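Q: Here's my sequence, what's the structure:
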Amino acid sequence: MNMFCRLIGLILFIVLSFSVCAEKTALVGGRLIDGFGHQPIQNSVILINGDTIEAIGTVATLNVPSDYKVVSTEGMDLLPGLWENHAHLMLNGHADYEHWQPTYRDRQQSEIMPASALQLLLAGVTSARDLGAPLEESIAIKKGIAKGELAGPHLYVSGPFLQAEPYPGTQHYRWGVKNVEEARQKVNQLADAGVDIIKLIDQDKMPLEAAKMVVEQAHARGLKVVGHSHRPDEIRVGLKIGVDNFEHTGLTTAPEYPQDIIDALHARTATGRVAGGPLFWTPTIEGLWNYNLTVANPEKLDNTCWHRGLKKDTIEDIRQSLEAPGKLAYMQLTPLRKPTLKRKFTQLKESGVVLLTGTDSGIPTKFHCQSTWNELAIWVEEMGMTPMDTIRAATWWPAVMMGVSDRFGSVSEGKSADIIGVNGDVLRYINLLQNVDLVMKSGVMYKQNGDVVESAIPK
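A: Down below sits the predicted model:
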């Protein structure tokens with residue numbers, strides 16, 4: 001009987017695997033914004049064979065072979081799948097970290113992180129950097145997605161933060177570095193485990209030689225380093241030791257970045273490829289900008305999109321933690337920080353850094369199904385960025401930063417078929433991205449006509 005059950009199970013697994021495999025698909029009729037920032041392609045045709053884009057043309061220049069399934073994209077804008085460059089899959093918007101961490105530590109791998117990954121994917125995020133989580137769980141989720149056992153973006157994980165001293169009760173996802181040897185050993189441990197990027201925080205509180213070794217050893221292992229930028233000295237040290245990508249728009253309520261930092265950014269961005277490539281910066285301003293708007297109208301917290309993949313008791317726990325969003329201790333400085341954001345964003349843009357879109361998705365009130373499009377909308381509507389440059393900051397440039405632009409970041413022949421679509425003109429109305437109508441990752445359709453393709457979601 002056991003042998004019979006195993007045989008039936010194997011047959012069902014094979015059948016289900018074939019049912020979600022990428023097939024030959026033709027996306028026909030939509031306007032293609034391919035990620036390169038040039039003139040969009042009207043009436044496009046995109047031929048997809050398995051997980052790869054095979055050919056791109058127009059309805060006038062490229063015939064669709066008879067063995068391709070035609071999907072009409074008439075009236076739609078198509079663009080590369082979005083990147084979320086600063087996500088926290090271990091968090092789901094709960095307002096109380098001291099409660100969340102011990103309560104859900106044992107449910108991270110089985111529930112929390114898979115739910116976060118799925119919510120990102122269905123929001124049109126086909127690639128994500130998960131910056132800070134327990135190592136074993138991070139690698140397990142990354143591998144589960146890669147094997148098709150879980151639905152989620154292509155995942156690039158940092159595992160635990162590296163910092164001078166872990167905060168109390170956070171040692172499972174924050175590792176202390178006190179000296180050069182610890183720096184070398186812990187970077188090697190992360191690299192050996194299979195992380196894609198190293199996350200550094202409080203680098204100004206580490207011995208300088210230890211912080212420098214984190215970056216040197218990461219680079220020796222082929223890994224980029226992202227560094228926090230909350231304090232001026234974090235930035236100063238980060239520039240001195242060669243951090244590749246700064247995160248956040250910090251300095252709390254200070255009105256702007258100090259002049260010596262701006263001068264140092266000008267010097268660094270003037271070197272370009274000589275210094276190993278552009279200097280990247282992920283401002284993560286969405287949570288800061290939208291907080292008072294959320295307090296004024298908290299209805300978006302009732303959107304059930306963030307329930308997907310979570311258990312009923314988890315959903316209720318998150319909901320109860322957000323009953324009074326205006327009283328959250330985590331956010332009390334936020335209203336004072338908001339007026340500083342435009343100036344800091346402008347300083348960064350004018351300094352020559354390459355900006356990447358990321359949100360700190362998962363922090364209090366920030367759900368994975370909402371945060372990324374909100375960030376893009378604020379850049380366009382409030383920060384003076386063009387829609388095209390904003391889209392490139394969410395598609396092309398992240399792939400360049402992570403060294404994977406040969407496969408991702410644009411809709412191009414030979415690249416992974418990671419494509420999203422919206423009904424309407426996204427270059428005029430960036431907010432259309434709040435309702436992505438089509439989501440394809442690696443040639444598999446996860447969302448079509450605005451509906452989730454449930455058969456594509458592993459059970």
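Q: so the residue most central in space within the chain is in which element?
A: Among the residues of the chain, the one closest to the centroid is Glu84, at 1.8 Å (Cα atoms, centre = their mean). For Glu84, the enclosing helix or strand under DSSP states H and E is strand 82-87.
Q: tell me what that strand is packed against?
A: helix 113-122, strand 125-130, helix 371-381, helix 396-401 (3 or more Cβ pairs under 8 Å, 6 or more residues apart in numbering; DSSP states H and E). (C-beta placed from N, C-alpha, C; glycine too.)
Q: Deepest-packed of the ones you listed, please.
A: Comparing these on average neighbours per residue, with mean count of other Cβ atoms under 10 Å, the densest one is strand 125-130 at a mean of 29.
Q: What is that one packed up against?
A: strand 82-87, strand 154-157, helix 396-401.
Q: downstream neighbour of that strand in the secondary structure list?
A: Using DSSP H and E, the helix or strand that follows strand 125-130 in sequence is helix 135-146.
Q: Can you give me the buried ones in that following helix?
A: Leu135, Glu137, Ser138, Ile139, Ala140, Ile141, Lys142, Gly144, Ile145 (16 or more other Cβ atoms under 10 Å).
Q: Just name the closest of the residues you listed to Ala55, please.
A: Taking Cβ to Cβ as the measure, Ala55 lies nearest Ile145 of these, at 27.3 Å.
Q: so what's that closest one closest to, chain neighbours aside?
A: Gly152 (4.4 Å; Cβ to Cβ, 6 or more residues apart in numbering).
Q: Let me see the contact set for the one you found.
A: Pro114, Ser116, Ala117, Leu118, Leu120, Leu121, Ala128, Ile141, Ile145 (Cβ atoms under 8 Å, 6 or more residues apart in numbering).
Q: and these as TSV, adding distance to Thr271?
A: Formatted as TSV, the contacts of Gly152 follow (distance: Cβ to Cβ, whole Å):
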residue	distance to Thr271
Pro114	41
Ser116	37
Ala117	37
Leu118	41
Leu120	34
Leu121	37
Ala128	29
Ile141	37
Ile145	36
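Q: Leu341: neighbouring residues, count only.
A: 17 (other Cβ atoms under 10 Å).
Q: pretty sure it is touching Thr284, no?
A: No - between Leu341 and Thr284 there is no contact under Cβ atoms under 8 Å: 10.4 Å.
Q: do you know how far the residue nearest to Gly81 when sequence neighbours are not counted is from Lys441?
A: The spatially closest residue to Gly81, leaving aside those adjacent along the chain, is Thr126, at 2.7 Å (Cβ to Cβ, 6+ apart). According to Cβ to Cβ, to the nearest Å, Thr126 and Lys441 sit 4 Å apart.
Q: Between these two, which contacts overlap?
A: With Cβ under 8 Å, 6+ apart as the test, Thr126 and Lys441 both reach Gly81, Pro153, His154, Asp418.
Q: Appreciated, that's everything.
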